[in-house]
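Chemist: Give me the fold of what follows.
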Amino acid sequence: MKNQHDQGRRDGDFVLSTPTEVENELPFQLIGVGCDFYQYPIDRPFGFPVFQWIQTISGRGTLSRDQTTVTVGPEEGLLLYPDEAHHYYAAEEPWYVHWITFSGHNVENMLHYTGMARTGVYRVANPTHFETLIRKALQILKSDNPLRGIDGSGIVYALLLDFLKYIEREGNESHSGSVMRLKPALDLIEREMHRPIGLEDLAGSIGVTPQYFCELFKSETTQRPTEYVNQRRVARAKEFLVQEPQTRIHEIARRVGFESDSYFATVFRRHEGVSPRRFRETNG
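Modeler: Here you go, the predicted model:
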């Protein structure tokens, strides 16, 4: 691969590597890394052969492609898909960045899953976390460890998972931000599991309407609130069934918030495939 940094100002540290035949079989491949890098203008009429993430450390940059321009500033990063013509340059000098290039046959599917299905600028909820990960990638590529390709594959996988957690998509907060926003409701469920918990209680704990709470909860957990509450109640009941073999099953049902023994048995069987009594006999 041609070294794109043969020309231009070379502040910062960077490493480029060529994957071995074994590394080319990995689902994720770490190709290159740069840290505290002075980003000079780059013009690629035929694109770049691998994926690249460029994260602003200071200053601002501009991406130009498809007759459109967009700015990448603090707490933002630029994702470039392979083989797409583009041009980027400093909009506010000096533009310092961290960058990481990667490839692999599973990368594009993962990016689509995270909601980053195209080249563009993405806002980062936790930029320091990304900076730390990229610095670690630089250390791996600079090492003489014969397994650095495998370690680099793990770094790329971690990066993609961090995209899922920390990238803010289309004006919405990141996945991690949404989960933290739900934390008071999740804490309420754990704390008040012994009593009926209404949707109004859960929505009120984070200051939103019940309808919006249902939408937010389902989007972040893939479950409806009632499904999640029952799942946590069954999990707590399993602990009591094993740890307190002398406690009657209907008492355990009440302690985890089920007012009906038959409904408790139905929900428990739905989750565990056996009745509460059978579960206790098998695991006691």
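Chemist: in the chain, which strand has the most residues?
Modeler: Using DSSP state E to define each element, the chain has its longest strand at strand 86-103.
Chemist: got the buried residues for that one?
Modeler: The neighbour-count check on strand 86-103 (16 or more other C-beta atoms under 10 Å) flags 86, 88-90, 95-103 as buried. Every residue, glycine included, has its C-beta placed from N, CA and C.
Chemist: residues in contact with whatever helix or strand comes next after that strand?
Modeler: Using DSSP states H and E, the helix or strand that follows strand 86-103 in sequence is helix 107-114. Residues from elsewhere that reach helix 107-114 (C-beta atoms under 8 Å, 6 or more residues apart in numbering): 27-28, 51, 79, 81, 117, 156, 160, 163-164, 167.
Chemist: can I get the CA coordinates of helix 107-114 in CSV?
Modeler: Taking Å, rounded to 0.1, in the frame of the first residue of the first chain, the C-alpha atoms of helix 107-114 are listed here in CSV:
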residue,chain,number,x,y,z
VAL,A,107,-16.0,-4.5,9.1
GLU,A,108,-18.7,-3.2,6.8
ASN,A,109,-21.5,-5.3,8.3
MET,A,110,-20.5,-4.1,11.8
LEU,A,111,-20.5,-0.5,10.7
HIS,A,112,-24.0,-0.9,9.2
TYR,A,113,-25.1,-2.4,12.5
THR,A,114,-23.8,0.6,14.4
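Chemist: Please state the offset of it from the chain centre?
Modeler: In terms of C-alpha atoms, centre = their mean, to the nearest Å, the centre of helix 107-114 is set 11 Å apart from its chain centre.
Chemist: Next SSE downstream of it?
Modeler: Counting by DSSP H and E, what follows helix 107-114 is strand 120-124.
Chemist: Can you list the strands that that following strand pairs with?
Modeler: Strand partners for strand 120-124, identified by DSSP bridges, are recorded as strand 76-80 (antiparallel), strand 167-168 (antiparallel).
Chemist: If I take that strand and helix 107-114, what angle do their directions form?
Modeler: In terms of direction (axes from the mean of the first three to the mean of the last three C-alpha atoms, to 10 degrees), strand 120-124 departs from helix 107-114 by 60 degrees.
Chemist: following strand 120-124, which helix or strand comes up?
Modeler: helix 127-142.
Chemist: What is that following helix packed up against?
Modeler: strand 13-16, strand 29-38, strand 51-65, strand 86-103, helix 148-166 (3 or more C-beta pairs under 8 Å, 6 or more residues apart in numbering; DSSP states H and E).
Chemist: Now with 6 Å, please.
Modeler: Judged by 3 or more C-beta pairs under 6 Å, 6 or more residues apart in numbering; DSSP states H and E, the packing partners of helix 127-142 are strand 29-38, strand 86-103, helix 148-166.
Chemist: Would you mind saying which of these lies nearest Leu63?
Modeler: Evaluated over the helices and strands packed on helix 127-142, closeness to Leu63 peaks at strand 86-103, with 4.8 Å, by C-beta to C-beta.
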